[in-house]
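Student: below are the sequence and a predicted model for it; my questions follow.
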Amino acid sequence: MRKAFGAVELLLVIVVITILYFTCFHSNYGRSNPFDDNAKINSQQEVIDDKIQQIEDTKALRKRIEENLNKGY
């Protein structure tokens with residue numbers, strides 16, 4: 001009886017793992033690799049941070065130009 005119960009548990013674990021595998025990595029309707037999303041988000045965040053830095057640099061440059069114009073240089 002104990003061997004039969006162990007075989008049923010093993011079969012159940014295999015079925016659950018198979019379902020999870022196909023759900024996460026072989027979905028026709030969703031993403032193909034759920035772990036790719038994190039890399040995409042990080043790269044988009046880097047692009048946004050770069051753009052924000054460019055805007056701040058442009059504002060600082062504009063401020064210096066205005067100060068120089070007001071001083072008469």
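Tutor: Received the coordinates, thanks.
Student: ok, residue 57 to residue 11 distance?
Tutor: Separation of residue 57 from residue 11 (Cβ to Cβ, to the nearest Å) stands at 62 Å. C-beta coordinates here come from the backbone N, C-alpha and C atoms, glycine included.
Student: same deal with residue 49?
Tutor: The gap separating residue 49 from residue 11 is 50 Å, by Cβ to Cβ.
Student: just residue 19 next, same as before
Tutor: As for residue 19, its distance to residue 11 is 13 Å (criterion: Cβ to Cβ).
Student: mutual contacts of these two, please.
Tutor: With Cβ atoms under 8 Å, 6 or more residues apart in numbering applied, the contact sets of residue 19 and residue 11 do not overlap.
Student: can you list the low-confidence ranges for this protein?
Tutor: Across the chain, the ranges flagged by pLDDT under 70 are 1-5, 26-37, 73.
Student: and the helices in it?
Tutor: Taking DSSP state H as the test, the helices found in the chain are 2-25, 36-71.
Student: as TSV, these with mean neighbour count would be great.
Tutor: Formatted as TSV, the helices of the chain follow (neighbours: other Cβ atoms under 10 Å):
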stretch	mean neighbour count
helix 2-25	10
helix 36-71	10
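Student: sweet, I'm off.
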